[in-house]
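[1] Build me a structure from this.
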Amino acid sequence: MKWSWCFLCFGVILVFLPILSLSSNSNDSYEIEVKAPEHSLLFVSEEIELSNGGDIQEKRGIATDSLKEIDFHITRGALDYNVISADKVNRSALNQHNNIAISAKDISEGGKAKDIFSEAIQADATIHLYGEVTPRVFAEYLGQEYLYVNTYPIDVETNRENIDLPIKHYFTQELDAEYALKGEEFIVEEDKEFNVISVEFENGEPVSILFSESNKNNLATEEYLETILFSLSTDIEKEGDVSFNDYNDTTSWISNSKVTGDHSRTPIDSRYSLTRSIYCDREGILSGRTITDWWLFSIDNNDANYDYFNLESATQYREFNGARLVRTESWYRMVYDNDELRDSDPASTNWGSNSFSVSIPWGFNYNWDTNNSASVSHIQDRAADYAVWTVSGLRNYDEFKPGLAAATIESRRYVAINYQVHSTWEIPWGPLGGVYQKTDRPGSMWARYSY
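    Residues are numbered from 1 along each chain as shown. Okay, here's the model as predicted:
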């Protein structure tokens, strides 16, 4: 599975590791097929040493919904992890894990942690740098001036990536300044702090990146571990044919939303698992999470002045530990003034619906169902070239999948679309013990493609 800004499924690992499970501390039981791990995490920490998920529950003092999902995938053998100190990491341990998590603070102090970071790059692992880390710091550790990832253009004859023509995509305000909209936080700034920055490497080069952030800073070490494990669990859910939802008694009535329509075309670019989390103020418990994917499609045309594109996106909403999604907003805007937002869908609804459809130029159509009835307010401004959707009524596991049609100046040969997703949640553990509402910070994302 090709991904950018997400975690890669590396296939079956030849070394079978012990299956670690939370089940000893959980009343849940699953009759499931055990398989070789798709994702194996080596979490390097000088503060804690764990060898099974039950220890996370013990240290957290709670059995959260996210820990239950992690437990499910550990139990079925799709996910495993070990937490050890840097001085105990050897070549064998690195070879047995395709995900390596290291504290940014430990790397800054040099020593063994810095060596592990370098060796993980050479092993083409996915590196998760945790601990309020910035793109500037990650770039410095890589020996780069700016953080970037390589992407590859699609060869029109073979419809495959041309690996001989890498395109560097930067994640700095300075290099992307000409694309940034003043006053709006669309571009990742060099000194913006994230809970975790995850980068996948191929042949020693960064090819995919994920920024994980939340409304909470300076997490406890076990919370960073839980964040990374749950992100891997989310990828397993997307990639596999078995879902925690199918075995969870509390959500057994939920069915995954099905998308139908014209998806015969191959996307020229895509991003997966752009994740944002929100925590309750008092207990620091995970309350909500949004997970966004998008796909960019090129449209054949004979226009000498413009190139045509369709953008399809999908955001799934997850509720945890008694919290409830109240409403969500999705903003999309063309970056260049002389590019055009041709159309966007779905349209507004005057009442709740659980069936939605997108029909936009140029013959791009799809539809999907939600498990809950939702109301949509849609605004499109052709002069300013932006579209915004405000949606209420969506609940756990529901998805919202807007689409848009865009025309870009042919001579530039560059697509640039900015977007934000932010949501309001009702959380049962208010600072004074009552229910309260909290809105997460807007999640800044963007679609960029050179051709």
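[2] these two touch, right, Ala420 and Trp331?
    Not Ala; residue 420 is Gln. Yes - the criterion here is C-beta atoms under 8 Å, and Gln420 meets it with Trp331 at 4.6 Å. C-beta coordinates here come from the backbone N, C-alpha and C atoms, glycine included.
[3] pLDDT-wise, which helix or strand of the chain ranks last?
    Within the chain, no helix or strand scores below strand 259-261, which has a mean of 41 by mean pLDDT, DSSP states H and E.
[4] quick one: strands adjacent to the following helix or strand past it?
    Sequence-wise, the next helix or strand downstream of strand 259-261 (DSSP states H and E) is strand 269-279. In the sheet, strand 269-279 lines up against strand 205-214 (parallel), strand 286-299 (antiparallel) (DSSP bridges).
[5] what's the most buried one of those?
    Highest mean neighbour count among the strands paired with strand 269-279 (mean count of other C-beta atoms under 10 Å): strand 286-299, with a mean of 23.
[6] Could you identify the helix or strand that succeeds that one?
    Next along the chain after strand 286-299, taking DSSP H and E as the criterion, comes strand 306-319.
[7] Show me what that following strand is packed against.
    Under the contact criterion of 3 or more C-beta pairs under 8 Å, 6 or more residues apart in numbering; DSSP states H and E, strand 306-319 touches strand 286-299, strand 324-334, strand 364-381, strand 399-400, strand 403-409, strand 414-427.
[8] Report the backbone C-alpha coordinates of that strand in CSV.
    Taking Å, rounded to 0.1, in the frame of the first residue of the first chain, the C-alpha atoms of strand 306-319 are listed here in CSV:
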residue,chain,number,x,y,z
TYR,A,306,-5.6,24.9,-17.5
ASP,A,307,-5.1,21.4,-16.1
TYR,A,308,-8.1,19.7,-14.3
PHE,A,309,-8.1,17.8,-11.1
ASN,A,310,-10.5,16.1,-8.7
LEU,A,311,-9.7,15.9,-4.9
GLU,A,312,-11.6,13.3,-2.8
SER,A,313,-11.1,13.3,1.0
ALA,A,314,-12.4,11.2,3.8
THR,A,315,-12.3,12.0,7.6
GLN,A,316,-13.3,9.4,10.1
TYR,A,317,-14.4,10.5,13.6
ARG,A,318,-13.6,8.4,16.7
GLU,A,319,-15.2,9.0,20.1
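[9] For Ser313, find the nearest of the helices and strands packed on strand 306-319.
    Nearest of the helices and strands packed on strand 306-319 to Ser313, taken as C-beta to C-beta: strand 286-299 at 4.1 Å.
[10] With just CA atoms, put that closest one into CSV.
    Output of strand 286-299 as CSV, limited to C-alpha atoms (Å, rounded to 0.1, in the frame of the first residue of the first chain):
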residue,chain,number,x,y,z
LEU,A,286,-8.1,10.6,25.0
SER,A,287,-11.6,11.9,24.1
GLY,A,288,-11.7,12.2,20.3
ARG,A,289,-9.7,11.7,17.2
THR,A,290,-10.0,12.6,13.5
ILE,A,291,-8.3,10.5,10.8
THR,A,292,-8.1,12.1,7.3
ASP,A,293,-7.1,10.6,4.0
TRP,A,294,-7.2,12.2,0.5
TRP,A,295,-6.7,11.2,-3.1
LEU,A,296,-5.8,13.5,-6.1
PHE,A,297,-7.0,12.5,-9.6
SER,A,298,-5.8,14.1,-12.9
ILE,A,299,-8.4,14.7,-15.6
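[11] between that strand and strand 364-381, how big is the angle?
    110 degrees (axes from the mean of the first three to the mean of the last three C-alpha atoms, to 10 degrees).
[12] just the angle between strand 286-299 and strand 324-334, please?
    Put simply, strand 286-299 runs at 30 degrees to strand 324-334, going by the same axes, to 10 degrees.
[13] Indicate which one of the helices and strands packed on strand 306-319 is closest to Gly77.
    Each of the helices and strands packed on strand 306-319 has some distance to Gly77 by C-beta to C-beta; the shortest is strand 286-299, at 23.0 Å.
[14] next one: the closest one to chain centre, how far?
    7 Å (C-alpha atoms, centre = their mean, to the nearest Å).
[15] Report the separation between Asp359 and Trp295.
    That one is not Asp; residue 359 is Ser. Here the criterion is C-beta to C-beta, to the nearest Å. By it, Ser359 lies 17 Å from Trp295.
[16] again with Lys192
    In terms of C-beta to C-beta, Lys192 sits 26 Å off from Trp295.
[17] show me the residues around the nearest residue to Ser287 once chain neighbours are set aside that make contact.
    Using C-beta to C-beta, 6 or more residues apart in numbering and skipping residues adjacent in sequence, the residue nearest Ser287 is Ala323, 3.7 Å away. Neighbouring residues of Ala323 by C-beta atoms under 8 Å, 6 or more residues apart in numbering: 280, 287-288, 425-428.
[18] likewise Thr408?
    Counting by C-beta under 8 Å, 6+ apart, Thr408 touches 306-307, 309, 336, 339-340, 414-416.
[19] try Trp331
    Contacts for Trp331 were tallied using C-beta under 8 Å, 6+ apart; they are 386-388, 419-421, 442.
[20] Need the outlier residue of the protein, farthest from its centre.
    Ala304 (36.4 Å; C-alpha atoms, centre = their mean).
[21] and the gap between the spatially closest residue to it that is not a sequence neighbour and Ser344?
    Spatially, and ignoring its direct neighbours in sequence, Ala304 is nearest to Glu410 (6.8 Å; C-beta to C-beta, 6+ apart). According to C-beta to C-beta, Glu410 stands 22 Å off from Ser344.
[22] neighbour-wise, which of those two wins?
    Taking neighbours as other C-beta atoms under 10 Å, Glu410 and Ser344 compare with Ser344 leading, 23 against 13.
[23] Give the bridge partners for the more buried one, please.
    Leu404.
[24] And Glu426, by the same measure?
    With DSSP bridges applied, the residues forming beta bridges to Glu426 are Arg324, Gln437.
[25] Do I have it right that it meets Gln437?
    Yes - if you go by C-beta under 8 Å, Glu426 and Gln437 touch, sitting 5.4 Å apart.
[26] can you list residues touching both of the two?
    Val326.
[27] More neighbours: the two, which one.
    Neighbours per residue (other C-beta under 10 Å) separate Glu426 from Gln437, with Glu426 holding more: 16 against 12.
[28] State the distance from the more buried one to Arg324.
    According to C-beta to C-beta, Glu426 stands 4 Å off from Arg324.
[29] Off-centre distance for stretch 191-199?
    For stretch 191-199, the distance to the chain centre is 13 Å (C-alpha atoms, centre = their mean).
[30] per-residue confidence averaged over it?
    Averaged across stretch 191-199, the pLDDT comes to 86.
[31] Show me what it is in contact with.
    Residues outside stretch 191-199 that contact it (C-beta under 8 Å, 6+ apart) are 7, 101, 126-130, 132-136, 138, 149, 206, 208-214, 216-217, 219, 224, 227-228, 231, 277.
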